[in-house]
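K.L.:
give the three-dimensional model of this entry:
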Amino acid sequence: MEHGHDHHPSGIMRWVTTTNHKDIGSLYLWFSLCMFFFAGTLALGIRLELFQPGMQFMQPQTFNQLTTLHGLIMVFGAIMPAFVGFANWQIPLMIGAPDMALPRLNNWSFWLLPVAATLLVTSFFVPGGPIAGGWTLYPPLYMQNGISGDMTIFAVHILGMSSILGSINIIVTIMNMRAPGMTYMKMPLFVWTWFITAYLLIAVMPVLAGAVTMMLTDRHFDTHFFDASGGGDPVMFQHIFWFFGHPEVYIMILPAFGIVSSIIPTFARKPLFGYTSMVYATASIAILSMVVWAHHMYTVGMPVTAQLYFMYATMLIAVPTGVKVFNWLATMWQGAMTFETPMLFSIGFVALFTLGGFTGIVLAMVPVDVQLQDSYYVVAHFHYVLVSGSLFTLFAGAYYWLPKWTGHMYDEKLGKLHFWLSMIGFNLTFFPQHFLGLAGMPRRIPDYALQFADFNRMSSIGAFIFGTTQLIFVYVVIKCIRGGAPAGDKPWEGADTLEWTVPSPAPYHTFETPPVVK
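P.N.:
Prediction:
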């Protein structure tokens, strides 16, 4: 493109070729919303089968394939891209940068995602169907399937590549493009949490790539990394996988902490309590997350000294996490609080995420975990941290920044309806699963004993309430984009937070021509 010509591609090419961080942020968010509904539909398939005992709608193999794809797509297709979308939209605005540091790389890291998603989704329609080993892809289960196993491995590689490129971009942007006077310890906490998350991603994504590459060579080139008959060790896969997998769950929650740390001060009308301690707590969580991986593996037969170490290390993570919860509560304490939708989701997050944290401490205990391993108690635990943790925070952030992104206010009544129905549906779905797990119901099975029927029925009804409620969210978002009350410069009265000081929406630009600021 020649300089001096104000030429912008229009229609579909605008989105394919865009290097504008706002466009790319929007692409990420729409993509993750589509994947959220796809993976959510798979989850409803799981809950439909479990509505009553006996085999209703599918083969056991199909049931486990639903589990695999629901997990993989929610993690890599819904939650992570959504947070990257927020990063793209907000980080440049929050640090006073004109755009991301590497705009073309930014475009590429997004467009890798639909390719990977296509591979995952179409693995349903090839002979054999998806791997039936759950999202953790444990051997020897990964050896069963034909081409779909390879499609899954390829998809994971592409997803990892996208994450690494996006992270490089975020780190370079934050380190090199802060406005004059914007020191590290003045950055909004959302920027800090993403800065730390990006380092985590770069550290652990290649580890996952290594694990799936070994799977690939086991499948096709007669290596025996994880095949005991050839001198390999299936438990080695678990060590490699969880060395990635545990930091991964923190990758999905740290940006959430950042969003909540932006929202709570706004609606409490007080500065965030203990900013510095929040930054250090975030960094501590990230570092500790790399040394606790084998708490997912207490039952594989590791030495008792190793179990002891992983138990203590895991419990240690509760300390910085507790610091954060305390700081959010202290921020709300004696604040002039109002309860708009973003604040409701944030308070819902603090309450339910804390509950998920408590069950995490329960599962950190070796003797307890040996009983609860692979039971529904674990399923309840991680959905409390990933749904009421990551997902509720994404909703909170969307409601909070939609006025900034669109220039319109969203429908507050519908937003509150979305919150309350989500809250009821979520707790009805996942709270009974604690009792199922304590009573001994294993996860990833399509049929169960009669004693588990009542809690499963509650859980399935809750899932359908929760799932259909999300259609309200889509309606609110589209309605807000199309129009509504003008947001003005300060949609949230009395909130002089940094992110509102940038004119909204800022002028369109690519990096081909310098932006024109009127």
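K.L.:
low-confidence bits of the chain, can you list those?
P.N.:
Across the chain, the ranges flagged by pLDDT under 70 are 1-6, 493-518.
K.L.:
can you list the domain ranges for it.
P.N.:
Following automatic domain parsing, one finds the domains of the chain at 17-249, 253-508.
K.L.:
wait, which of these is closest to residue 8?
P.N.:
domain 253-508 (6.9 Å; CB to CB). C-beta here means a position set from N, CA and C on the backbone, and glycine is covered the same way.
K.L.:
for the closest one, the distance to its chain's centre please.
P.N.:
10 Å (CA atoms, centre = their mean, to the nearest Å).
K.L.:
what's the answer for stretch 185-202, then?
P.N.:
The answer for stretch 185-202 is 15 Å, by CA atoms, centre = their mean.
K.L.:
got the buried residues for it?
P.N.:
187-202 (16 or more other CB atoms under 10 Å).
K.L.:
now for these: which two are most distant?
P.N.:
Greatest spatial distance in the buried residues of stretch 185-202: 188 and 202, 21.8 Å, computed using CB to CB.
K.L.:
in what helix or strand does residue 352 lie?
P.N.:
For residue 352, the element it lies in under DSSP states H and E is helix 341-364.
K.L.:
name the helices or strands packed onto that helix?
P.N.:
helix 254-268, helix 304-316, helix 318-332, helix 366-372, helix 376-385, helix 392-406, helix 412-438 (3 or more CB pairs under 8 Å, 6 or more residues apart in numbering; DSSP states H and E).
K.L.:
can you tell me the centre-most residue of this protein?
P.N.:
residue 79 (2.9 Å; CA atoms, centre = their mean).
K.L.:
list the contacts for that residue?
P.N.:
By CB atoms under 8 Å, 6 or more residues apart in numbering, the contact list for residue 79 reads 32, 252, 386, 390, 391, 394.
K.L.:
what's the spacing between the last one and residue 137?
P.N.:
Applying CB to CB, to the nearest Å, the value for residue 394 to residue 137 is 25 Å.
K.L.:
of the two, who's got more company?
P.N.:
Neighbours were counted for residue 394 and for residue 137 using other CB atoms under 10 Å; residue 394 has more, 25 against 22.
K.L.:
go ahead and confirm that one touches residue 85.
P.N.:
No. Residue 394 lies out of contact with residue 85 (CB atoms under 8 Å); the separation is 9.0 Å.
K.L.:
just to revisit the earlier point, and the contacts of residue 79, which two are furthest apart?
P.N.:
Farthest-apart pair in the contacts of residue 79 is 32 and 386; separation 13.8 Å (CB to CB).
K.L.:
which of the two has more residues huddled nearby?
P.N.:
For residue 32 versus residue 386, neighbours defined as other CB under 10 Å are more numerous around residue 32 (23 against 20).
K.L.:
contacting residues around that one?
P.N.:
Taking CB under 8 Å, 6+ apart, one finds 77, 78, 79, 80, 81, 82, 85 in contact with residue 32.
K.L.:
now it: phi and psi?
P.N.:
With angles defined as degrees, to the nearest 10, residue 32 sits at phi -70, psi -30.
K.L.:
now do the buried residues in the helix holding residue 352.
P.N.:
Neighbour-count burial for helix 341-364 [16+ other CB under 10 Å]: 341-350, 352-357, 359-360, 363-364.
K.L.:
what angle do helix 304-316 and that helix make with each other?
P.N.:
160 degrees (axes from the mean of the first three to the mean of the last three CA atoms, to 10 degrees).
K.L.:
so what touches stretch 183-201?
P.N.:
Identification of contacts with stretch 183-201 by CB under 8 Å, 6+ apart yields 83, 86-87, 90-91, 94-95, 163-164, 166-168, 170-171, 174, 178, 247, 250-251, 254-255, 257-259, 261-262, 272, 275-276, 278-279, 282-283, 286, 289-290, 497-499.
K.L.:
how does it look with 7 Å?
P.N.:
Here stretch 183-201 makes contact (CB atoms under 7 Å, 6 or more residues apart in numbering) with 87, 90-91, 94-95, 163-164, 167, 170-171, 174, 247, 250-251, 254-255, 257-259, 261-262, 272, 276, 278-279, 282-283, 286, 498-499.
K.L.:
now do stretch 477-485
P.N.:
With CB under 7 Å, 6+ apart, stretch 477-485 has contacts from 398, 402, 406, 408, 409, 410, 411.
K.L.:
only the buried subset of the residues you listed, as a ChimeraX command please.
P.N.:
Of the contacts of stretch 477-485, the buried ones go into a single ChimeraX selection, burial set by 16+ other CB under 10 Å:
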select :398,402,406,408,409,410,411
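K.L.:
check which element follows the longest helix along the chain along the chain.
P.N.:
Secondary structure of the chain per DSSP state H: the longest helix is helix 189-220. Downstream of helix 189-220, the first helix or strand assigned by DSSP H and E is helix 234-251.
K.L.:
ok, now which ones touch residue 160?
P.N.:
Residue 160 neighbours (CB under 7 Å, 6+ apart): 205, 208, 209.
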